[in-house]
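S.K.: okay, predicted coordinates and the sequence, questions at the end:
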Amino acid sequence: MSLEDALKFAKNVGADKVPFRFQFPVDIKEEFEVLCDKHNVSMTDMILGLIKSAIDEDKGLTNVSVVNIINKLEELEKQYASLYKVYEDTGDDIIECTDGSVYHISDNMDKLRFRIKVLNKELERRTLK
């Protein structure tokens, strides 16, 4: 379980939360509070980050390369969605940029689809081991 992963999650928690009672020894609580203050996260969000990290570890998602593939897939899917929206909004396949260059939306969407497909296959291969 990675403190770094827990901190990343803790700093980006935006989901709705439900009450959950949790008790632990005073000395650990004090040390934990210092740790959270040091990293500028709430104790609740840090606990959620640690729980999420444990869940990911149990699912086998702690392998850095697998996590990197997942992050890259999310990035490519956002890029694809953005291009698709531009194409749907404008109906144009070719956009002329302010610097005079020409951007072919469908060509770039095809490239993104290919990269997404390749990464999904690699992710599947790595997680089925």
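M.R.: That came through fine.
S.K.: for residue 13, helix, strand, or coil?
M.R.: coil (DSSP: H, G, I helix; E, B strand; the rest coil).
S.K.: what's the closest non-adjacent residue to it?
M.R.: Nearest residue to residue 13 in three dimensions, chain neighbours excluded: residue 45, at 4.6 Å (Cβ to Cβ, 6 or more residues apart in numbering). C-beta coordinates here come from the backbone N, C-alpha and C atoms, glycine included.
S.K.: how about the most far-flung residue of the chain relative to its centre, secondary structure?
M.R.: For the chain, the residue at maximal distance from the C-alpha centroid (Cα atoms, centre = their mean) is residue 100, at 34.5 Å. Recorded secondary structure, residue 100: coil (three-state DSSP).
S.K.: now do it against residue 92, distance only.
M.R.: In this view, residue 100 and residue 92 are 16 Å apart by Cβ to Cβ, to the nearest Å.
S.K.: how deep is the spatially closest residue to residue 123 that is not a sequence neighbour tucked in, by neighbour count?
M.R.: Distance criterion Cβ to Cβ, 6+ apart; nearest residue to residue 123, sequence neighbours excluded, is residue 69 at 4.9 Å. Neighbour count of residue 69, defined by other Cβ atoms under 10 Å: 17.
S.K.: quick one: pLDDT of residue 36?
M.R.: pLDDT for residue 36: 91.
S.K.: got the contact list for it?
M.R.: 42, 43, 46 (Cβ atoms under 8 Å, 6 or more residues apart in numbering).
S.K.: so the second one touches residue 32, yeah?
M.R.: Yes - taking Cβ atoms under 8 Å as the definition, residue 43 is a contact partner of residue 32 at 6.4 Å.
S.K.: elements contacting the lowest-mean-pLDDT helix or strand in the chain?
M.R.: Of all regular secondary-structure elements in the chain, judged by mean pLDDT, DSSP states H and E, the least confident is helix 3-11 with a mean of 74. Using 3 or more Cβ pairs under 8 Å, 6 or more residues apart in numbering; DSSP states H and E, the elements in contact with helix 3-11 are helix 43-59.
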